[in-house]
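J.: Predicted structure and sequence below. I'll ask about it afterward.
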Amino acid sequence: MTSWASRYRSGDHVAVWNDLRAFGSSGVPESLRGDAEEVARETMRRVAANMDVLVDRLSSARYAFACPDAVRQAPTEDDFEAIAKAEAIIGPLPVALRACLEIVGAVDLCGDGGSMLPHVRYHAPAREPRELDPDPLVLHSGRMLWDMLNSTVGDTSTGCACTDPEEDELCEFHANGFFFSIAPDRAAKANFSGGDHYIHLPSANPDPPLRGTPVSGSISLVEYLRRSHAWGGFPGYATRPAHIPPPALLERLRNQLQKF
């Protein structure tokens, strides 16, 4: 059988990820995990390259990033160590999430688009009516994963309440899992009080569902990244009202990105 990685590199991007997602919560069989991991790595190498292009083009267009120092942060050794520590507690991360954390790193496209992207307004007045939220792409780092997990579990060096023989109930983490906020939601990205885009862990799903997005129904991490890139890093434009035309800048941006 032709490997998933070979099919993926030949351009069969959507079908390969559909095959991987079909395993669902059961996860990819161990004998095929290496192949699935290579698909995930190749996918995220393309996502990372696309992010570099988007940041460069937005900077050239004088897009006003809300947090200029946090726009694009490649993974560091600190991130790799954080991911390893998190997996020691959670177990293996979904292959798509792990590759995203280890290859793409942190991204923050929040900002003010001016006349080019008039609905992207991080510093808009608090009570100004909003016809849509463009949902600029944000991705948190491996270090953020560990920090969030550590604050949920507590002091991992001493264990949790589950280790106490007098406790009758599981601790919150072992009872309900961990909700990793991989990004703020579209309201928070517009500088309003909001929530999160999150992934429930542990999960064996190769491409886990991403909750808290403006998409109706379920969307996976890879599918959300595809939608984000299809709209030049601003996937909220996919659900814009009919009377709002897509900005010309987005068309120019997405035509310069690799398919994945």
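T.: Looks like it came in fine.

J.: Residue 43 contacts residue 259, correct?
T.: No: using C-beta atoms under 8 Å, residue 43 is not in contact with residue 259; the gap is 10.4 Å. From N, CA and C alone the C-beta is placed, and that goes for glycine too.

J.: list residues touching both of the two?
T.: With contacts defined as C-beta atoms under 8 Å, 6 or more residues apart in numbering, the residues shared by residue 43 and residue 259 are residue 13.

J.: So which of those two has more stuff around it?
T.: residue 43 (26 against 11; other C-beta atoms under 10 Å).

J.: check contacts around the more buried one.
T.: Contacts of residue 43 (C-beta under 8 Å, 6+ apart): 8, 13, 17, 96, 99, 222, 260.

J.: ok, now residue 202?
T.: Counted by C-beta under 8 Å, 6+ apart, residue 202 has contacts 90, 91, 177, 178.

J.: One more: residue 260?
T.: 13, 43, 46, 47, 50, 222, 225, 226, 229.

J.: now residue 93
T.: Contacts of residue 93 by C-beta under 8 Å, 6+ apart are 83, 86, 87, 101, 201.

J.: what's the distance between the second one and residue 20?
T.: Taken as C-beta to C-beta, to the nearest Å, the spacing of residue 86 relative to residue 20 amounts to 22 Å.

J.: Confirm for me that residue 185 is in contact with residue 213.
T.: Yes: using C-beta under 8 Å, residue 185 is in contact with residue 213, at 7.4 Å.

J.: pLDDT on the longest helix along the chain, on average?
T.: In the chain, with assignment by DSSP state H, the single longest helix is helix 30-60. Averaged over helix 30-60, pLDDT sits at 97.

J.: Moving C-terminal from it, which element do we reach first?
T.: The helix or strand immediately downstream of helix 30-60 is strand 64-65, counting by DSSP states H and E.

J.: Strands of this structure, start to end?
T.: Using DSSP state E, the strands of the chain run over 64-65, 72-73, 106-108, 111-113, 117-121, 138-139, 178-184, 196-201.

J.: Which of these sits closest to residue 250?
T.: Among the strands of the chain, the nearest to residue 250 by C-beta to C-beta is strand 117-121 (7.5 Å).

J.: Not counting its own residues, what contacts the closest one?
T.: 63, 111-113, 128, 130-134, 136, 190, 234, 236-237, 240, 244, 247, 249-250.

J.: got the buried residues for it?
T.: Judged by neighbour count (16 or more other C-beta atoms under 10 Å), strand 117-121 contains these buried residues: 117, 119, 120, 121.

J.: Kindly export it (C-alpha atoms) in CSV.
T.: Extracted C-alpha coordinates of strand 117-121, given in CSV (Å, rounded to 0.1, in the frame of the first residue of the first chain):
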residue,chain,number,x,y,z
LEU,A,117,-8.9,45.0,6.1
PRO,A,118,-11.5,47.3,7.5
HIS,A,119,-13.1,44.8,9.8
VAL,A,120,-9.8,43.8,11.5
ARG,A,121,-9.8,46.3,14.4
